[in-house]
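In: Just to be clear, the model below is a prediction. Sequence and coordinates:
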Amino acid sequence: MVVDSLLLAVTAWVFVMILTKDGMILGWWGRVLNRFPLWLGEPLGGCEYCVAGQMALWYYLYKHWNDYLVTFCDRLIEHIIFISLTIFIVEIINVWKQGE
């Protein structure tokens, strides 16, 4: 679970903070996102926390769908923790990056 969170957090951070900037391979997507209202643009790539949270939300549902409905309460709590951990790792990356 922790490794999955780490991989998702790094992927989200790299996507938002590096790949969607001008001159990068997905710079065109960054320009498209600037035209969207914040409530839509941020989860689609304008905010590293939002993207990490979305990735964690959908990844966890995909990975645990078969037993999610059977053990809903247990899975729901674990799901929230998984999303929170992924967002927290993004925060750690941001703090580390600011210290450089």
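Out: Thanks, I have the structure now. Numbering: from 1, shown residues only.
In: Work out the gap between the one helix or strand residue 12 maps to and the centre of the chain.
Out: Element membership of residue 12, judged by DSSP states H and E, is helix 2-14. Its chain's average C-alpha position is 7 Å from that of helix 2-14, according to CA atoms, centre = their mean, to the nearest Å.
In: ok, and for it, which residues are buried?
Out: 5, 8-9, 11-13 (16 or more other CB atoms under 10 Å). C-beta here means a position set from N, CA and C on the backbone, and glycine is covered the same way.
In: Could you export those residues as CSV, including pLDDT and distance to residue 25?
Out: Formatted as CSV, the buried residues of helix 2-14 follow (pLDDT from 0 to 100; distance: CB to CB, whole Å):
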residue, pLDDT, distance to residue 25
5, 97, 25
8, 98, 20
9, 98, 20
11, 98, 14
12, 98, 16
13, 98, 16
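In: got TSV for those, with distance to residue 49 too?
Out: Putting the buried residues of helix 2-14 into TSV (distance: CB to CB, whole Å) gives the following:
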residue	distance to residue 49
5	13
8	12
9	10
11	13
12	8
13	9
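In: Perfect, that will be all.
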